[in-house]
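Asker: Let me see the structure of the following:
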Amino acid sequence: MGRMEPSRSRRTSPSRQKEIQEEGLGRNRLRQGLALFVLLTLVGLAAVVIITDPRQLAEAWARIEPVWLLPAAGFFLLDLWFGGWRNHILLRRYYHGVSPWLGVRANLVNMFAAAMTPASTGGGPAQVYTLHRGGVKVVDGISVTALTFVSTQLVFALGAISGFIVIRGRFEQGLITYLLEYSLAVFGLIFLALMLGLWRPVLLGRVLGALARRMARIRPAWERRMHAAVARMLDELERFRGSSRKILASHPLLLVYSLLVNGALYTSRFTAAWFLLRALGVEASYIDVLAIQAVLQFIVYFAPTPGGSGIGEVATVALMSLLAPSWALPLFTFLNRLLIVYLPAVLGSLVFVRVLKREREQQRAVGRQRSR
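Answerer: Below is the predicted model:
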């Protein structure tokens, strides 16, 4: 078990910065993702208002009971805390005395970058970067992020399957069914690739190598970059396997603990949705709300748009219409997305800007020392 490294050893090398940008943290890509996220969110909210009765929107505002918003806000904060704690329970096995707030900050940056990139692809690299800036070795940050990802996917799958069993037969074949099938397909591919990476890395290397060669035939200019990316990925994967096996061998119940924390996280998130319904004067079965929110979370997480923007708003209305009247749906959709996407993205962006600012300050200090 190591200790947190001093700031001097936490500097991100130029080569690592380039890798991070290629993995999805490039400034231009985040800007484009933000613009697309805002545009599709506005389109989605407008579609929600049009689909329902816009004349009843004022009625929904008038019916809000603020007393129910307080527990919703409380469960929102619990959601953020559990998101950081699932990182912390792994980090503290690597580093003695690490602060839980590092896990919270990394989780917030993860949520910000996930909201700015399709299918949440930027969240993982953003979390690794933030952990690295907090004194965590890159390989340990990858291990923590990957183990958390595995735990999250298992909870997602269990929740979505359980939720679908509860609500099946309540809606007809349509958009929701297609989105659910798409999400299941993406989940299956990602989970298969992850399992191959953990237990059959040579086979995964062959598959990725064949894919790189095929892509190179389509565009020869990509050949060098594709092979370099595959080689780097396999190298990181090998280091991750060694680090993960070591930590799980010494703490075999750690993954189970991570599953429980993830379960608490999403239960808190879905419970907040139930309180939002109560704030609007809508009484619904708590189990039904949990079931629908679990299916909704699964669909939106793998959506091809940044942060599930557009799709998340419309899917929320389509599923929650099973429980809530049309007049309550637009406001519920906005408040629910506010708690699970909009606010965390804003908070995460503030943390990310602060991390970048500190890095620039350290680089300037190093530059001044070298110039002396």
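
Asker: gap between whichever helix or strand residue 312 is part of and the chain center?
Answerer: Per DSSP states H and E, residue 312 falls inside helix 311-320. With Cα atoms, centre = their mean, to the nearest Å as the basis, helix 311-320 stands 19 Å off its chain's centre.

Asker: Heading C-terminal from the lowest-mean-pLDDT helix or strand in the chain, find the next helix or strand.
Answerer: Within the chain, no helix or strand scores below helix 14-20, which has a mean of 49 by mean pLDDT, DSSP states H and E. The element immediately downstream of helix 14-20 (helix or strand, assigned by DSSP H and E) is helix 27-51.

Asker: So which elements touch that following helix?
Answerer: Where contact means 3 or more Cβ pairs under 8 Å, 6 or more residues apart in numbering; DSSP states H and E, helix 27-51 is packed against helix 100-116, helix 311-320, helix 329-337. (C-beta placed from N, C-alpha, C; glycine too.)

Asker: got the buried residues for that helix?
Answerer: By neighbour count with 16 or more other Cβ atoms under 10 Å, helix 27-51 contains the buried residues 29-30, 33-34, 36-37, 40-41, 44-45, 48-49, 51.

Asker: Going toward the C-terminus from that helix, what's the next helix or strand?
Answerer: Helix 27-51 is succeeded, C-terminally, by helix 57-63 (DSSP H and E).

Asker: relative to helix 329-337, how tilted is the helix holding residue 312?
Answerer: Going by axes from the mean of the first three to the mean of the last three Cα atoms, to 10 degrees, helix 311-320 is angled at 120 degrees with respect to helix 329-337.

Asker: residues in contact with helix 311-320?
Answerer: Under the contact criterion Cβ atoms under 8 Å, 6 or more residues apart in numbering, helix 311-320 has outside partners 40-41, 44-45, 47-48, 51-52, 167, 171, 174-176, 179, 292, 295-296, 299-300, 303-305, 308, 329-330, 332-333, 336-337, 341.

Asker: try 7 Å this time
Answerer: 41, 44-45, 47-48, 51-52, 175-176, 179, 292, 295-296, 299-300, 303, 305, 329, 332-333, 336-337, 341 (Cβ atoms under 7 Å, 6 or more residues apart in numbering).

Asker: distance between the strand or helix carrying residue 93 and the chain's centre?
Answerer: Assigned by DSSP H and E, residue 93 falls within helix 66-94. Relative to its chain's centre, helix 66-94 lies at 14 Å (Cα atoms, centre = their mean).

Asker: deepest of the helices and strands packed on helix 27-51, which one?
Answerer: Comparing these by mean neighbour count (mean count of other Cβ atoms under 10 Å), helix 100-116 comes out on top with a mean of 25.

Asker: average pLDDT across it?
Answerer: Per-residue pLDDT over helix 100-116 has a mean of 94.

Asker: Could you do stretch 271-280 as well?
Answerer: The model assigns stretch 271-280 a mean pLDDT of 96.

Asker: Ok, stretch 165-174 next?
Answerer: Across stretch 165-174, the average pLDDT comes to 74.
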